[in-house]
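Asks: Predicted model, plus sequence, below.
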Amino acid sequence: MNINIEKLIVKFLAKEADLEELKQLEVWISNPENEALFFEFIKTNAFIKMTMSNYDKKRAKANIIRRIKQEKSIFYNKHKGNNIFKYAAAAMIIGVLAATYIFRNDLFEEPIETPSVVVEEPIEMGTDKAILTLEDGSFIELDEDAVFATKNLNSNGKQIVYDTESKSAEKIEYNYLTIPRGGQYAVKLSDGTQVWLNSESQLKYPVSFEAGKPRQVELIYGEAYFDVSPSAKHEGSKFKVFNKSQEIEVLGTEFNVTAYKDETIIYTTLVEGRVVINTSTSKQTLKPNEQSSLNTANNSIDIAKVDVKVVTAWVNGKFIFKGKSLKDITKVLSRWYDVDFEFENKSLEEAKFIGELGKRQNLEKILQLIKNTNYINAYEIKGKKVILK
């Protein structure tokens, strides 16, 4: 690839190519000998750190030529006499490089203005908030602006921290931490175990663990990431996590559990250490980077290798989707933004996407990224409902 073509592609990506340069790019990419060079350049310079192994080259080539022609047509119709071609270069690349659509937050600095987007009022992003239910049934609303403390715990607005447990708890008292849709929160248990809770989740746990006995908590529903204090620090006391249909036995480790009420599959993903998954019919040991999938309908369980960074991205303030369907993506978004999604065209549900996005941004920006793939024609926000068209 000569230096002039490289500069042209860079200008294309930077939204700075004029009409003549677009024509040159169209002629150049139409040559089959240049196809491999083009995709290698894009992979190296535009989508580094992204998964590109499954893209369809023939489809990509045809699509990019089609899109360039479309944009040239728009240029003639909307920019007569104007030498600068203002178009969404990132959206073009996204729509043409793969059968799986790709979006990345830092490629979309300026949303496209379009009349096909209807927004009644902006949707607020999720925040640090939770409801703490005490042993006596009373509850305290926690949020990022509130500091709260009792004799055995304190909260800084993001996390509850319990006092270090005494040698023996005279009476086991339980607290519940409930995370609503549009929320997240963390808790440091009395044994030092750290738990991060995702939106629409609930954890039951003792205020203080009983010395010499297994440390037990229950993820009633939702998603949680556990960084467990080792048994060696607690006289060999094991740590167990219960949730519907399974028991997780832990020996000092980090793992993620996803067990939402509206899903029949429970996912347990091991980051490091060792856990044993016990069900009524089986016992499975997970190794790091493995995930168990328990089907609660028939009690079957499967083990598979996974990318733990993708599974646990939510803890680090990110959404990472790797070949996820739009239906699954909207489930994640609905919990964080506290909205409901409706598909006007049911076939849209199965569209596959790859992408990495920050959680701390408006929902409209994410919807615009998805729309820029040209798979959906429009979206409409009505109160707490998002309609994809």
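Replies: In hand now; what should we look at?
Asks: So, low pLDDT: which residues of the stretch 201-350 of the chain?
Replies: For the stretch 201-350 of the chain, no stretch is flagged by pLDDT under 70.
Asks: could I have stretch 130-145 exported to PDB, CA atoms only?
Replies: Extracted C-alpha coordinates of stretch 130-145, given in PDB (Å, rounded to 0.1, in the frame of the first residue of the first chain):
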ATOM      1  CA  ALA A 130     -29.200   0.500  47.000                       C
ATOM      2  CA  ILE A 131     -31.700  -0.400  49.700                       C
ATOM      3  CA  LEU A 132     -30.300  -1.900  52.900                       C
ATOM      4  CA  THR A 133     -32.800  -4.000  54.900                       C
ATOM      5  CA  LEU A 134     -31.900  -4.600  58.500                       C
ATOM      6  CA  GLU A 135     -32.700  -7.600  60.700                       C
ATOM      7  CA  ASP A 136     -35.700  -5.900  62.200                       C
ATOM      8  CA  GLY A 137     -37.200  -5.200  58.700                       C
ATOM      9  CA  SER A 138     -36.500  -1.500  58.600                       C
ATOM     10  CA  PHE A 139     -34.700  -0.300  55.500                       C
ATOM     11  CA  ILE A 140     -32.300   2.500  54.500                       C
ATOM     12  CA  GLU A 141     -32.000   4.000  51.100                       C
ATOM     13  CA  LEU A 142     -28.400   4.400  50.100                       C
ATOM     14  CA  ASP A 143     -27.100   6.600  47.200                       C
ATOM     15  CA  GLU A 144     -23.900   8.200  46.100                       C
ATOM     16  CA  ASP A 145     -24.700  11.500  47.900                       C
END
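Asks: Show me the helices in the protein, by range?
Replies: 3-13, 19-30, 32-45, 57-78, 89-97, 308-311, 326-337, 363-371 (DSSP state H).
Asks: Wait, Ile266 touches Gln246, no?
Replies: Yes - at 6.2 Å, Ile266 counts as touching Gln246 under the criterion of Cβ atoms under 8 Å. Yep, even glycine has a C-beta here, placed from its N, CA and C like the rest.
Asks: so what sits against both of these two?
Replies: Shared contacts of Ile266 and Gln246 (Cβ atoms under 8 Å, 6 or more residues apart in numbering): Leu294.
Asks: Between helix 326-337 and the lengthiest strand in the chain, find me the angle.
Replies: Taking DSSP state E as the criterion, the chain has its longest strand at strand 215-227. Here the directions of strand 215-227 and helix 326-337 differ by 110 degrees (axes from the mean of the first three to the mean of the last three Cα atoms, to 10 degrees).
Asks: For the spatially most central residue of the chain, which non-adjacent residue is closest in space?
Replies: In the chain, the C-alpha nearest the mean C-alpha coordinate belongs to Phe319, at 2.7 Å (Cα atoms, centre = their mean). In space, and not counting its chain neighbours, Phe319 is closest to Leu357: 4.5 Å by Cβ to Cβ, 6 or more residues apart in numbering.
Asks: go on, Ile29?
Replies: Closest to Ile29 by Cβ to Cβ, 6+ apart is Phe38, at 5.6 Å.
Asks: Contact partners for the nearest residue to Val276 once chain neighbours are set aside?
Replies: Nearest non-adjacent residue to Val276, counting by Cβ to Cβ, 6+ apart: Glu249, 4.3 Å away. The contact partners of Glu249, taken as Cβ under 8 Å, 6+ apart, are Lys238, Phe239, Lys240, Val275, Val276, Asn278.
Asks: Could you rerun that using 7 Å?
Replies: Glu249 is in contact with Lys238, Lys240, Val275, Val276, Asn278, counting by Cβ atoms under 7 Å, 6 or more residues apart in numbering.
Asks: Equivalent analysis for Pro230, please.
Replies: Gly252.
Asks: got it, and the one 4 residues further on?
Replies: The contact partners of His234, by Cβ under 7 Å, 6+ apart, come to Asp191, Arg215.
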